[in-house]
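return atomic coordinates for the entry below.
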Amino acid sequence: MKLIKKLGISNLLMLVLCALIIIVAEYLFLSGNKLHGIFIGLWVPTLLGVMIYLKLVYRERR
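Sure thing, here's the model as predicted:
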């Protein structure tokens, strides 16, 4: 419970979503759909970057 309160529910959900995207991308890559796996795998850094950006904007407004 301390981890959830420290991270926040939205951040925890985003991290779980990123982990699921990595798993799906690895599955696609290893099953032969290499380009689809790479494309979906690139979503993770994009989502993490958006999450960091929104956190910085929120902190600056406070």
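
list the contacts of stretch 48-56.
Among residues not part of stretch 48-56, those counted as contacts by Cβ atoms under 8 Å, 6 or more residues apart in numbering are 11, 14, 18. Every residue, glycine included, has its C-beta placed from N, CA and C.

which among the residues you listed end up buried?
The neighbour-count test (16 or more other Cβ atoms under 10 Å) applied to the contacts of stretch 48-56 identifies 14, 18 as buried.

in helices, which of the contacts of stretch 48-56 fall?
Taking DSSP state H as the definition of helices, the contacts of stretch 48-56 contribute 11, 14, 18.

circling back to that earlier point, what's the closest of the contacts of stretch 48-56 to residue 36?
Using Cβ to Cβ, residue 18 is the member of the contacts of stretch 48-56 that sits closest to residue 36, with 17.5 Å.

pick out the residue closest to the middle of this protein.
The residue at the geometric middle of the chain, judged as the C-alpha nearest the mean C-alpha position with Cα atoms, centre = their mean, is residue 18 (3.0 Å).
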